[in-house]
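>>> Provide a 3D model corresponding to the input given below.
(chains A and B)
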Amino acid sequence: MLKGRLLLFLFLCMFLSACRGGQKEEEKASIRIGISLYRGEDTFINNICGILEEKAKEYERESGIKVVLDIQDAKGSQNVQNNQVERFISLGCDVLCINPVDRMDASVIIDRAMTAGVPVVFFNRQPVEEDMNRWDELYYIGVDAKETAVLQGKMVVDLYREDAGAVDLNGDGVVSYVLLEGETSHQDSLIRTEWSVRTLKNGGVPIEKLTGGIANWERSQASALMEQWLAAYPDTIELVVSNNDDMALGAIDAMERAGVTGVNVIGIDGTTPGLEALESGKLLGTVSANKELYASVILELAASCALGEEPPEEYPLEGGTYYWTPQEILIRENKD
Amino acid sequence: MIGRGGRALILLYAVLLAVLFLMCSTDLVIREPEKEIYQIAVIIEDDRGDNYSNFRKGMDQAAMEFNADVHFITLYEKLDADQQLELMEREQQDGADALIVVPADEGRVSGKHAAVPVIFLYPGFAENTGAGSIVTDYRKMGEELAREMLDGAAKECTVLELIDTDSMGDVDSFFLEGAEEVFAAAGYSSRAVARQGQEGIRAALEGLEAESGGKALVLAQNPEILAETAAIMTDNPDLAEHVEGLYGRGSTLPILNYLDRGQITGICVTDGFSTGYLSVLAAVRTLEGDGAQEPVVMESYYIEKKDLRDPACEKLLYPIE
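Numbering: from 1, shown residues only, chains lettered A, B, ... in the order given. I've put the predicted structure just below:
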């Protein structure tokens, strides 16, 4: 009698767990991804976001799983971003894709995500290692900042070796350059500056820094700085080294206003406006991450997290946490 | 020593405490007001949301204020009415309480029966207003822009319309029809040139000198063509010499930048933020039992470079939630 009851109980347990499993599968006919951007106006982020939307539609078509993207702009405020994360979790997002405002202050986001059991895929701005090590459901997608900077320096080194006059415009044996830097709190900004200049020096380009300034990744700020530098160093600047394309374009804007031509400008990111400037010959070169791949990895990793699956094998993660997107040099072919 | 009565009293207190705890924790005594979150799906007619950035800001603002959970959905293919109907069906099945739809094909989409309230965003006045509608009169916008284009223009000027026949939606048709009526009434002949990629636009601009020998007023059908044309003129100042003015509609960031730099002469815009906000508001009001909402008609505004720094204009073009 007792044995019979025990069997019945076990059967009921199995039946209930089977029902529960079925329900879980049914729920996963749709996934919801909460995406918070540090600043939606940033051209690179904007590009990535646009591709992400396309990739989500592709994924939806191929897998038959509905993908709902909730995209929010934190407008440079960590508090706003924290609130957005709170809202994403309360709305039942399966996974979060966060482009942190303050990479040093991702702990609040991580706390909330861990409490709710929602995995987080960080991108573009890398949280500190201590934070990333707190949970095995945290991931980071980005580019290797050192590699970016070395490639940026290399494009000038190669050009100088090929034709020194194309870089040393006044032929005085010294390449006078100005430097446009991104935010001081962004690790990429510091690394890009350091390694870009170091590569130029190591590559044998005789460089001399005229001046430099922080333009916070922004075109308008870079334009204002360049305007001042053109007035302070007339006919002297031969090269503009910029931590990103937006600031490089700001420098070009200032040169156009001042009627200055011929100065070499190099950027990073390969944004749409950057590539247009490259095509029209205004930008000497840029270092571009494979943005299609960048967005694909974010989406597919997020989707696998949302579905409770292992990370996709085709995108191997370093240490099970980091994915570094490959990059390439894009340089204008015929320098006039 | 506690007597039998004392023990009974302690037991009674304990039971009472337990009951009170249970009542509190199960909302029997302190009842939290239930906040219903409305699921609203916004399905636009485009395959990209670039022209809807201010709309989305207004939509998000209303979602926060009215406790709505709003999803913004683009089509796989622009103006694909079949897919839009499928998505409307899918969203209803997935539990959407209301839909906000920019019809890819007004006749087919607005005629579709839906089990939930639907707020339509129309490019002109329509008979079927669903549970509510937000109307932007693009014919009137075209007329207004054409009048501004002709204001002060020489009689010898020709009018060149850059169009894209492959993606001609209701918005584009109404907009161009309105403009053409004004051109015709004023005695100007307008000529439409299909873009066929950037080369098509470049060829059309290059042909201006040979054809008219004079200058032309250029009207772009949609924001994409407007931005592309401005980019071509920026890179080829020679081509720009034969253009008296470049006009169009839309307020994407590239368009505003070109307007600020003088490559675009004038644009017509609508208040995207308010449109987004009001559409979500209409959906929420309908769900709260206010019945079908009266159609809301949105104004359009003509903007030139000189207006860009005007506070009212800044508020319209760069809304802050």
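>>> Might you calculate how far stretch B:263-279 sits from the centre of the chain?
8 Å (CA atoms, centre = their mean, to the nearest Å).
>>> quick one: average pLDDT of that stretch?
Stretch B:263-279 shows a mean pLDDT of 95.
>>> start to end distance for it?
From the first residue to the last, stretch B:263-279 extends over 33 Å; the measure is CA to CA, to the nearest Å.
>>> for the residue in the stretch 151-300 of chain B positioned nearest to chain A, what are its contacts?
Closest to chain A within the stretch 151-300 of chain B is residue B:235: 4.9 Å, counting by CB to the nearest CB. Every C-beta, even on glycine, is put in place using the N, C-alpha and C of the backbone. Under the criterion of CB atoms under 8 Å, 6 or more residues apart in numbering or on different chains, the contact list for residue B:235 reads residue A:280.
>>> Pull up the residues of chain A that are close to chain B.
Neighbours of chain B within chain A, by CB under 8 Å from any CB of the partner chain: A:30, A:41, A:50, A:53, A:57, A:61, A:66, A:68, A:70, A:72, A:91, A:276, A:280.
>>> Tell me where the model's unsure across chain A.
For chain A, the stretches with pLDDT under 70 are A:1-27, A:334-336.
>>> So, low pLDDT: which residues of the stretch 201-321 of chain B?
By pLDDT under 70, the weakly predicted segments of the stretch 201-321 of chain B are B:209-214, B:321.
>>> so where do the helices sit in it?
For the stretch 201-321 of chain B, helices defined by DSSP state H, counting those that start in this stretch occupy the ranges B:223-235, B:237-240, B:253-261, B:272-285, B:311-317.
>>> is the longest one anywhere near chain A?
No. Helix B:272-285 is not in contact with chain A by CB under 8 Å from any CB; minimum separation 13.8 Å.
>>> same for that helix, what does it pack against?
Secondary-structure packing of helix B:272-285 (3 or more CB pairs under 8 Å, 6 or more residues apart in numbering or on different chains; DSSP states H and E): strand B:38-43, helix B:53-65, strand B:68-73, strand B:98-101, strand B:118-122, strand B:132-136, strand B:296-298.
>>> which helices and strands does the shortest one pack with?
When contacts are defined as 3+ CB pairs under 8 Å, 6+ apart, strand B:296-298 packs onto strand B:132-136, helix B:272-285.
>>> can you rerun that using 6 Å?
The contact analysis (3 or more CB pairs under 6 Å, 6 or more residues apart in numbering or on different chains; DSSP states H and E) places strand B:296-298 against strand B:132-136.
>>> List the contacts of the strand it packs on.
Identification of contacts with strand B:132-136 by CB atoms under 6 Å, 6 or more residues apart in numbering or on different chains yields B:119-122, B:125, B:270, B:275, B:278-279, B:282, B:293, B:295-298.
>>> Would you list the strands that it pairs with, along with their directions?
Strand B:132-136 sits in its sheet next to strand B:118-122 (parallel), strand B:296-298 (parallel), going by DSSP bridges.
>>> Now the next helix or strand after it: average pLDDT?
Using DSSP states H and E, the next helix or strand after strand B:132-136 towards the C-terminus is helix B:138-150. Helix B:138-150 carries an average pLDDT of 94.
>>> got a list of what residue A:252 touches?
So residue A:252 contacts A:265, A:282 (CB under 6 Å, 6+ apart).
>>> Just the strands from the stretch 151-300 of chain A, written as ranges.
Taking DSSP state E, counting those that start in this stretch as the criterion, the stretch 151-300 of chain A carries its strands at A:175-181, A:207-214, A:239-242, A:264-269, A:285-289.
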